[in-house]
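*Asks:* give the three-dimensional model of this entry:
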Amino acid sequence: MSALLGCLALLILTTVAPATAQKAEKLSRIKTLYVDSLGPSRRSEEMRERLRRRLDRSHGIEIVSDPAKADAIIKGTGQVWTTGEVALSPHSHSANEPILEGYLSVEVVGKGDQALWSYLATPSKFPWGGIADDLSRQIASRLLEDIRKNSQPAEPAVATRTSTTGATLKGAGATFPAPLYRKWFQSFEELHPEVHVVYEAVGSGEGIRRVSEGEDDFGASEMPLSDQAMSAAPHRFVQVPIALGAVVPIYNLSGPHAKIRFTPEILAGIYLGKIKKWNDPQIRSANSEATLPDADIGVVHRSDASGTSYVWTDYLSKVSAEWKSSVGSGVSVTWPVGTGAAYNDGVAAAVQQTPNSIGYVELIYAIQHEISYAQMRNSAGQFIKADLASVTEAARAAGTPDRGFRLSITDAPGKSAYPIATYTWLLLPERFEDKSKQSTLRELVGWMLSSGQKSCSALGYAPLPPDVARGAEKFVERILHD
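*Replies:* Residues are numbered from 1 along each chain as shown. Have a look, this model is predicted:
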């Protein structure tokens, strides 16, 4: 992760001096690129070289060997690991083929240390040419396509300002966006030494409680709250969408096996305690190529009040009438079966340490812990892997959030939509007694909704649809005005 937490471009604030104009760098202006190291491993170096060659063969982009001569630098990290083995012959286990998983996460950073673009690639369904070539091909193709798309007229200079007094902001809530928040807040502080942002990833339930009691300056959650719930809070607050993400079913399966696929019925059956064995007929039917063990399924769920659990149970409530009537949805529910673990990190670690177990986490936690995660059958009957494209499609297919920016996008329609996708929201107080904190929070959230969106893809979070981001930015300006 340390390689993903590099510098991002941020606005330079000044309030004592007049606002100054800063020329905005544009992706479409890139003509020369330097590809930095993508990690120390042999696979990382292979991905770097393949990415260099693919970009160098493109028209209009030159790959240079000196970063000082580049319009922008590609930074990031890549990794490949083995998740298991699959037998090449059903009659022999002596010749097995490794099952590989991995990722390539990059940012394109301009000369002013401004993040111009980012993306996280995971292996495609049929990685012809090997996984390193597949990941580098995805990054190169997406970058070149976005450079061509981003050839609008030049952006105007950006007027920026800064507070000389600074402020310390304290927030708490969801673990779901915590990797993204850590990156954003670190980057904001690097360019704003007078500002300090503290975020405690204590779960959505606790984050909601703290902001509604006025204990913290902001909160975070994946649960779209009702007007009634927010109006009942002692300290009124609003929800603002900040990014898109996915909750994935993770598993730790013993023995040789192919990658696993789940249907809605299988997931509901496992978490209701009705499907108890990995070789249950329903699981075998969806995974005809897998060798499934005759082993009990170890079910892991969140033990804390969790927005990730809300997304998971919201999905199960939509696809299973029995789940909806007997368990329902929420940040905390009475689980029919299973063992609890705290936070996304805790669930990931529990599954990783428990053979033949299943759990659920936000996508980046599965990638960080190098844990297998399953494809899900969506409402159109297609088995879909969670990635940036399928999460973005879920948001598009679900429609535009209402003026309160609250919308569940689980089980969205669409052939390529990933079904357990969600917005993640900031919870912002409507009133601040401390005007310095109010001004700083407005600047921070405004940056997260604009420049910050260009860097969230590197961590596996999809940026907001442009119209949603613009609407949210105007909403924040109105709510947190002086």
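
*Asks:* tell me where the model's unsure across this structure.
*Replies:* For the chain, the stretches flagged by pLDDT under 70 are 1-24, 84-96, 151-165, 256-257, 403, 482.

*Asks:* hmm, 50 instead?
*Replies:* Where the chain drops to pLDDT under 50, the residues are 1-23, 153-164.

*Asks:* what's the nearest residue to Met230 if we skip its chain neighbours?
*Replies:* Nearest residue to Met230 in three dimensions, chain neighbours excluded: Phe237, at 6.3 Å (CB to CB, 6 or more residues apart in numbering). To be clear about C-beta, it is placed using only N, CA and C from the backbone, and glycine gets the same treatment.

*Asks:* gap between the one you found and Gly207?
*Replies:* Distance of Phe237 to Gly207, given as CB to CB, to the nearest Å: 11 Å.

*Asks:* what sits in contact with each of those two?
*Replies:* Taking CB atoms under 8 Å, 6 or more residues apart in numbering as the contact criterion, the common neighbours of Phe237 and Gly207 are Gly219, Leu427.

*Asks:* what about these two, which has more around it?
*Replies:* Neighbour count, other CB atoms under 10 Å: between Phe237 and Gly207, Gly207 has more, with 29 against 21.

*Asks:* wasn't Gln228 part of a helix?
*Replies:* Yes: per DSSP: H, G, I helix; E, B strand; the rest coil, Gln228 lies within a helix segment.

*Asks:* for the protein, which segments are assigned as helices?
*Replies:* 42-56, 131-149, 178-191, 204-212, 227-231, 264-272, 281-286, 307-319, 321-326, 343-353, 363-368, 388-398, 435-449, 466-479 (DSSP state H).

*Asks:* need these in CSV with distance to Tyr251, can you?
*Replies:* CSV is the format used below for those (distance: least, CB to CB, whole Å):
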stretch, distance to Tyr251
helix 42-56, 24
helix 131-149, 20
helix 178-191, 21
helix 204-212, 24
helix 227-231, 34
helix 264-272, 10
helix 281-286, 11
helix 307-319, 14
helix 321-326, 19
helix 343-353, 7
helix 363-368, 10
helix 388-398, 19
helix 435-449, 33
helix 466-479, 33
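
*Asks:* among those helices, which is nearest Glu97?
*Replies:* helix 131-149 (12.7 Å; CB to CB).

*Asks:* how is the protein partitioned into domains?
*Replies:* Domain segmentation of the chain under automatic domain parsing yields 1-19+156-482, 25-149.

*Asks:* so which of the ones you listed is the most packed in?
*Replies:* Most buried of these by mean neighbour count (mean count of other CB atoms under 10 Å) is domain 1-19+156-482; its value is a mean of 20.

*Asks:* show me the beta-bridge partners of the residue nearest to Met230.
*Replies:* Pro429 (DSSP bridges).

*Asks:* offset the numbering so it begins at 51, please.
*Replies:* With the count now opening at 51, the last piece we talked about shows up as Phe287.

*Asks:* for it, give me its contacts.
*Replies:* Under the criterion of CB under 8 Å, 6+ apart, the neighbours of Phe287 are Val261, Ser262, Gly269, Met280, Leu477, Leu478, Pro479, Glu480.

*Asks:* same check on Val261?
*Replies:* Neighbour list for Val261: Ala222, Gly223, Phe268, Gly269, Ala283, His285, Phe287, Leu477, Leu478, Pro479 [criterion: CB under 8 Å, 6+ apart].

*Asks:* what do you get if the cut-off is 10 Å, keeping everything else the same?
*Replies:* 221-223, 267-271, 283, 285-287, 476-479 (CB atoms under 10 Å, 6 or more residues apart in numbering).

*Asks:* and if you look at Ala471?
*Replies:* If you count contacts by CB under 10 Å, 6+ apart, then Ala471 has 294-297, 361, 365, 413, 428, 434, 436, 440-445, 447-448, 458-462, 512 around it.

*Asks:* 7 Å - rerun?
*Replies:* Applying CB atoms under 7 Å, 6 or more residues apart in numbering, we find Ala471 in contact with Leu294, Ala296, Val441, Ala444, Ala445, Ile459, Thr460, Ala462.

*Asks:* ok, and the closest non-adjacent residue to it?
*Replies:* Ala444 (3.8 Å).

*Asks:* correct me if wrong: the one you found contacts Ile470.
*Replies:* No: look at Ala444 against Ile470 with CB atoms under 7 Å: they stay out of range, at 8.7 Å.

*Asks:* so Gly152 bridges to which residues?
*Replies:* Bridge pairing for Gly152 - DSSP bridges - gives Val130.

*Asks:* could you measure from the closest residue to Gln432 other than its chain neighbours over to Asn428?
*Replies:* Residue nearest to Gln432 in three dimensions, not counting chain neighbours: Lys465, with 5.6 Å by CB to CB, 6+ apart. Distance, Lys465 to Asn428, by CB to CB: 8 Å.

*Asks:* sorry, back to before: right, and the helices of the chain - which one's nearest Val383?
*Replies:* Val383 sits nearest to helix 357-369 of all those, at 5.5 Å, using CB to CB.

*Asks:* ok, the contacts of Phe287 vs Ala519, which is closest?
*Replies:* Closest approach between the contacts of Phe287 and Ala519, by CB to CB: Leu478, at 15.5 Å.

*Asks:* next up, the contacts around that closest one.
*Replies:* By CB under 7 Å, 6+ apart, the residues touching Leu478 are Phe268, Phe287, Val288, Val290, Ile529, Leu530.

*Asks:* any chance of those in a markdown table, plus distance to Leu275?
*Replies:* Putting the contacts of Leu478 into a markdown table (distance: CB to CB, whole Å) gives the following:
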| residue | distance to Leu275 |
| --- | --- |
| Phe268 | 14 |
| Phe287 | 9 |
| Val288 | 10 |
| Val290 | 12 |
| Ile529 | 15 |
| Leu530 | 19 |
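
*Asks:* and those, which is closest to Asp354?
*Replies:* Nearest to Asp354 among these, with distances taken as CB to CB, is Phe268, at 19.2 Å.

*Asks:* ok, and the closest non-adjacent residue to that closest one?
*Replies:* Once flanking residues are discounted, Phe268 sits nearest to Gly221: 4.1 Å by CB to CB, 6+ apart.

*Asks:* what pairs with that neighbour across the strands?
*Replies:* Tyr249, Phe268.

*Asks:* show me the contacts for it.
*Replies:* Counting by CB under 7 Å, 6+ apart, Gly221 touches Tyr249, Asp266, Asp267, Phe268, Gly269, Ala270.

*Asks:* give me the contact list for stretch 371-387.
*Replies:* 254-255, 273, 318, 321-323, 349, 351, 355-357, 359-360, 363-364, 366-367.

*Asks:* gap between Ala228 and Lys465?
*Replies:* For Ala228, the distance to Lys465 equals 32 Å [CB to CB].

*Asks:* again but with Gln503, I slipped
*Replies:* In this view, Gln503 and Lys465 are 26 Å apart by CB to CB.

*Asks:* do Leu294 as well
*Replies:* 18 Å.

*Asks:* let me see the backbone angles for Glu480.
*Replies:* Note on Glu480: backbone dihedrals following degrees, to the nearest 10 are phi -80, psi -20.

*Asks:* contact partners for it?
*Replies:* Residues near Glu480 by CB under 7 Å, 6+ apart: Arg286, Phe287, Val288, Ile529.

*Asks:* if we can go back for a sec, for the contacts of Gly221, which two are the farthest from each other?
*Replies:* Looking at those by CB to CB, the two members farthest from one another are Asp267 and Ala270, with 11.6 Å of separation.

*Asks:* so how far is stretch 273-280 off the chain centroid?
*Replies:* Centroid separation for stretch 273-280 versus its chain: 23 Å, with CA atoms, centre = their mean, to the nearest Å.
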